[in-house]
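Asker: Pasting a predicted model and its sequence here:
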Amino acid sequence: MNRYHQDRIAPPAIRLLLLVALLLAGLPTLPVRAASGSVSPAAGAAGTLFSFAAEGLGSSEQIEAWLEDPRGRTRSLGTDVASNRIFSDPDGNASWVWQSPDDAPGGNWLAIARGSRSRTIIRIPFTVEGTQTGTPQTSFFVEPRSGVPGTTFTFVGRSTGFAPSEQVGSWFIQPDGTVRDVEQGQSVDPDGQIFRLWTAPLDAEPGTWVFRALGISTGYTLDMTFRIDNPTEPIDLPPPPPLFVEPTSGLPGTVFSFTVGGFARNEIVGNWLIRPDLVSQDAGEWLTADVNGVLTWQWESPPATPAGVWRFRTNGTQTRGYQEIAFVVEGDNPISPSTSLPPGQAFPSAGLAGTTFTLNAEGFLAEERAYFWLATAAGQPARDGQNRVIAEGAELRADREGRIAWTWQAPQRMLPGAYQIIVQGRLSSPYYVQIPLTITDPNRPEGASPSPVVPEDGSPGVEFTFYADGFNVHEFVDIYFIDPDGRTVGRNDPNFAVTDLKTNRFGSLTWQWKAPRYIRAGRWQTVVEGRDSRVTRTIGFNIFTTTETPARASVTPEQGQPGTTFTFTADGYPRGRRVGYWLTRPDGTIVRVGDPEVLEADESGVDRNGRVTVVWQSPDTVSLQRGVWHLTLRTSKPQTVDEDITTVIYFTIE
């Protein structure tokens, strides 16, 4: 079996397919240059026109560009589509300008460019000289400054620390340090101002109170202090509203009767059940309190109801007050594994910065509005390597079953570690869902997902194992193949048909497929599509046959120990051209053969016979990876389509 393959591209369509295949395989476009960027001027006052330049991107690809201000918030280059559409030239260079607003906050900014195909990311730091953002400008007032229980207080706060129109979480801190939740969310207006009316309850503890507002995106906190005074006359507290269930326990099939008071007259009330595994379960239609603000409801527990402590929770749409009653379902019915998923999941559960995660959360009220924010595993605001808050958050909406599903791309500046996405409903608050996820270290491949295909290269008859993730839980997927000419196969051919596959509880799946004996050689792709999520995954792999044409490339020896000198030759290149080359380890990482400090890729000339020769002595070290390596050669600057030639030569280090 020959340990190489060589492609000479003729029509433009075939050239395009090869480029796509190379990108999917992780092969860089030559010449390989270190991605870098520059800005002129490097610093300027607010209102300055900054000119940016980047190199080392993919050839003629669309560039996604944006800015990050000193607070870590993302800003677009402009309001019109044209200002945000940037393309690199054939040599991988791109340039653009940005006029900083007159009110741009002073400090260290960052311009970021990302190639849509190459995924190359370039960060260009620059400085806007103006009002520093280290100490936000803040003002607030509370009216009145003090009052007895039952007083209605007005809170108005404004700060440049908030992002315009961002979601704000708020609560009260009582004199003893405990927290009293606020049942209604709010937003900052375009001027960075928040406003709230609040009536102190009749049992409010006298002393100094704090109204705290936390920006969901910025992590900025604004505290407003006020006092609750001792009343001059005793306050007759009304009797507590009714809150009970009859009976308090029973076997499956028992009818439980709930009585909950404290609502407004004829108030609409949301309601749901919380199972012993803390997963919320819809209790049916919205209910209505009577003229006395009392809600009554009955629930007949089904025969298969899991045993344990259940809770019935309500939330008023006017009073914003929630109530909860615990009761016990007796017996030994287990919680089915298929229904005991945590209320929030991320798919995949781990990935590098820049990964797009599919997030699911449940347990909210039907069609309830909710919002999410990013935090560390300890619940603190997430920060990047420069200690800037990573502002991530948005408003969401639950479906009729109280479930929320959305996608979220982890910012490139996130550091490796454990994080969580926190989702909180506006009506069901303080109920919230924590979705754990991990940003993996790119220098530790053991933290990454399984390889999408094993082996990546094989001959007819070899069994391949594929892996794909990011789909919905227990979702059916469709799988088909694309041959080296770009034609779809597998719809009707039984040797390529992969049917009735379903993802697991994590939204991923693994399957095996045996290549038919008659399969043709070349670069193949398998495509996986989720029927409900519409998520698509494309996995590339190579087929090599034992009936290829006589070798036009070779390596001597074909295998050897660390320290062995390998000599590679490849024919068929245009005379007088330069050919770039690089090595790929068994784990897929790329190795430069020459001086790693040189920006340009390793290149070799083509002799008068169209032959390229490369000599490499493998390092004589214990840490050198064992397995199948390959050397890739490609014409550096082809003048015509026919000159764009790529050769891959395989060899083994034992």
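Answerer: That came through, no problem. Note that the coordinates shown come from a computational prediction; the quantities given were computed from them, not determined experimentally.

Asker: mean confidence for stretch 87-100?
Answerer: Averaged over stretch 87-100, pLDDT sits at 86.

Asker: Now it: buried residues?
Answerer: The neighbour-count check on stretch 87-100 (16 or more other CB atoms under 10 Å) flags 88, 92, 94, 96, 98, 100 as buried. Backbone N, C-alpha and C define where each C-beta goes, glycine included.

Asker: Inside helices: which ones of those residues?
Answerer: Applying DSSP state H to these, no entry is found in helices.

Asker: List just the nearest of the residues you listed to residue 45.
Answerer: Distance to residue 45, by CB to CB, is smallest for residue 100 among the buried residues of stretch 87-100, at 8.3 Å.

Asker: For the stretch 351-500 of the chain, which segments count as strands?
Answerer: Assigned strands in the stretch 351-500 of the chain, in chain order: 356-361, 369-376, 393-397, 404-409, 417-425, 432-439, 453-454, 457-458, 463-468, 476-482, 488-489, 498-502 (criterion: DSSP state E, counting those that start in this stretch).

Asker: which two in the buried residues of stretch 87-100 are spaced the farthest apart?
Answerer: 92 and 100 (26.8 Å).

Asker: Centre of the chain to stretch 111-121, how far?
Answerer: A distance of 16 Å separates the centroid of the chain from that of stretch 111-121, by CA atoms, centre = their mean, to the nearest Å.

Asker: can you dump the C-alpha coordinates of that stretch into CSV?
Answerer: As requested, the backbone C-alpha atoms of stretch 111-121 are provided in CSV (Å, rounded to 0.1, in the frame of the first residue of the first chain):
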residue,chain,number,x,y,z
ALA,A,111,-9.8,45.3,18.2
ILE,A,112,-10.5,41.6,17.4
ALA,A,113,-10.5,40.1,13.9
ARG,A,114,-11.5,36.5,13.2
GLY,A,115,-11.3,34.7,9.9
SER,A,116,-14.7,33.1,9.0
ARG,A,117,-13.0,30.1,7.4
SER,A,118,-9.5,29.9,8.8
ARG,A,119,-10.8,30.7,12.4
THR,A,120,-7.5,32.7,12.8
ILE,A,121,-8.0,35.3,15.6
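
Asker: Tell me which residues of it come out buried.
Answerer: 111, 112, 113, 114, 115, 117, 118, 120, 121.

Asker: Now, these that are in strands?
Answerer: 111, 112, 113, 114, 115, 121 (DSSP state E).

Asker: sorry, back to before: farthest pair within the buried residues of stretch 111-121?
Answerer: For the buried residues of stretch 111-121, and using CB to CB, no pair is farther apart than 111 and 117, which are 20.0 Å apart.

Asker: can you put the ones in strands among the buried residues of stretch 111-121 in TSV and add distance to residue 239?
Answerer: Output for those, formatted as TSV (distance: CB to CB, whole Å):
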residue	distance to residue 239
111	63
112	60
113	66
114	62
115	68
121	63
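
Asker: What is the nearest of those residues to residue 456?
Answerer: residue 115 (23.4 Å).

Asker: any idea how far that closest one is from residue 569?
Answerer: In this view, residue 115 and residue 569 are 33 Å apart by CB to CB, to the nearest Å.

Asker: Residue 43 too?
Answerer: Residue 43 is 53 Å from residue 569, by CB to CB.

Asker: More neighbours: those two, which one.
Answerer: More crowded of residue 43 and residue 569, by other CB atoms under 10 Å: residue 569, with 18 against 13.

Asker: Sticking with the more buried one, tell me its helix or strand.
Answerer: Here residue 569, judged by DSSP states H and E, is contained in strand 565-570.

Asker: what are the pairing partners of that strand, and which direction each?
Answerer: Listed by DSSP bridges, the sheet partners of strand 565-570 and their directions read strand 553-556 (antiparallel), strand 612-617 (antiparallel).

Asker: what's the model's confidence in that strand, averaged?
Answerer: 90.

Asker: and the helix or strand that comes right after it, what other elements does it pack with?
Answerer: Next helix or strand after strand 565-570 toward the C-terminus (DSSP H and E): strand 578-584. When contacts are defined as 3 or more CB pairs under 8 Å, 6 or more residues apart in numbering; DSSP states H and E, strand 578-584 packs onto strand 590-591, strand 602-605, strand 612-617, strand 627-635.

Asker: chain center to strand 578-584: distance?
Answerer: Taking CA atoms, centre = their mean, one finds the center of strand 578-584 at 34 Å from the center of the full chain.

Asker: between that strand and strand 627-635, how many degrees?
Answerer: 160 degrees (axes from the mean of the first three to the mean of the last three CA atoms, to 10 degrees).

Asker: pLDDT on strand 578-584, on average?
Answerer: Mean predicted lDDT for strand 578-584 stands at 83.

Asker: and that strand, which residues are buried?
Answerer: So strand 578-584, judged by 16+ other CB under 10 Å, has buried residues 578, 579, 580, 581, 582, 583, 584.

Asker: Adding distance to residue 410, write these out as JSON lines.
Answerer: Shown next, in JSON lines, are these (distance: CB to CB, whole Å):
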{"residue": "578", "distance to residue 410": "39"}
{"residue": "579", "distance to residue 410": "38"}
{"residue": "580", "distance to residue 410": "32"}
{"residue": "581", "distance to residue 410": "34"}
{"residue": "582", "distance to residue 410": "29"}
{"residue": "583", "distance to residue 410": "30"}
{"residue": "584", "distance to residue 410": "27"}
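
Asker: any idea which of these is closest to residue 288?
Answerer: The closest of those, once distances to residue 288 are taken by CB to CB, is residue 584, at 67.1 Å.
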